[in-house]
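# One predicted model, sequence on top.
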Amino acid sequence: MVNEADIEWTDQEGEETAFQRKKLAAASDGEDLGCSLYELDPGERPWSLHYHTGNEEAFYVLAGEGTLRRGEEAEDVALEPGEYVACPADASGAHQIVNDGDEPLRYLAVSTMHEPDVLVYPEVDGLGVMAGSPPGGDGERSVSGFYRRGDAVEYWD
């Protein structure tokens with residue numbers, strides 16, 4: 001058991017993404033099910049539109065408002081407190097959360113913790129590959145990388 005108040009926020013910032021995160025499941029020795037508390041400032045998004053081929057994810061909004069970009073066509077769905085959404089491990093589960101509100105957006109992200117996993121980024125035709133530790137896991141990965149599909153080579157090349 002763990003209390004969220006006893007866990008420090010970790011900050012993540014990229015060129016187009018930013019968020020604060022508390023890994024709740026990891027702090028309580030979770031292995032097969034991940035759960036993190038996220039907080040996004042107005043205008044922020046934690047990830048590019050993507051889906052997993054090996055892990056299902058779900059989100060539950062605690063506070064604030066935002067938009068879920070869902071599916072490969074990135075259909076916009078409004079998010080508000082109490083909303084729960086499941087994202088299957090296929091193209092129909094593509095997702096990106098955006099805080100387009102005026103207040104911080106807080107939500108829980110829950111996922112299976114399977115590895116290996118392949119992530120697909122439909123808007124940039126990219127792939128992410130990881131093995132040895134699942135997405136969001138703290139273990140060392142034996143394989144990890146992100147690629148553009150256009151950089152693919154034939155099998156014997």
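In hand now; what should we look at?
# And the residue nearest the centre of the chain?
W47 (6.2 Å; C-alpha atoms, centre = their mean).
# wouldn't it be in contact with Q96 here?
Yes - counting by C-beta atoms under 8 Å, Q96 is a contact partner of W47 at 6.1 Å. All C-beta spots, glycine's among them, are computed from the backbone N, C-alpha and C.
# Enumerate every residue touching W47.
The neighbours of W47, taking C-beta atoms under 8 Å, 6 or more residues apart in numbering as the test, are T17, Q96, I97.
# Flag the shaky bits of this protein, pLDDT-wise.
By pLDDT under 70, the chain contains no weakly predicted segment.
# Measure how buried D6 is and give me the count.
When neighbours are defined as other C-beta atoms under 10 Å, D6 has 8 of them.
# Tell me which residues touch the closest residue to it other than its chain neighbours, please.
Distances taken as C-beta to C-beta, 6 or more residues apart in numbering place A27 nearest to D6, at 7.8 Å, with adjacent residues excluded. By C-beta under 8 Å, 6+ apart, the contact set of A27 is V2, D6, I7.
# what ranges do the helices span in the protein?
Secondary structure of the chain (DSSP state H): helices at 24-27.
# Which stretches in it count as strands?
Assigned by DSSP state E, the chain shows strands spanning 10-13, 18-23, 33-40, 51-52, 57-63, 66-70, 75-79, 84-87, 95-98, 105-112, 117-121, 126-131, 143-148.
# what number of residues lie near the residue nearest to E115 when sequence neighbours are not counted?
Of all residues not flanking E115 in the chain, P134 sits nearest, at 4.1 Å (C-beta to C-beta, 6+ apart). P134: 23 surrounding residues under other C-beta under 10 Å.
# you'd agree P134 is up against V118?
No - counting by C-beta under 8 Å, P134 stays clear of V118, with 11.7 Å between them.
# quick one: contacts for the nearest residue to H95 once chain neighbours are set aside?
Ranked by C-beta to C-beta, 6+ apart and with sequence neighbours excluded, the top spatial neighbour of H95 is C87, at 4.8 Å. Taking C-beta under 8 Å, 6+ apart, we find C87 in contact with Y51, E56, E57, A58, F59, R70, G93, A94, H95.
# among those residues, who's most crowded?
Y51 (25 neighbours).
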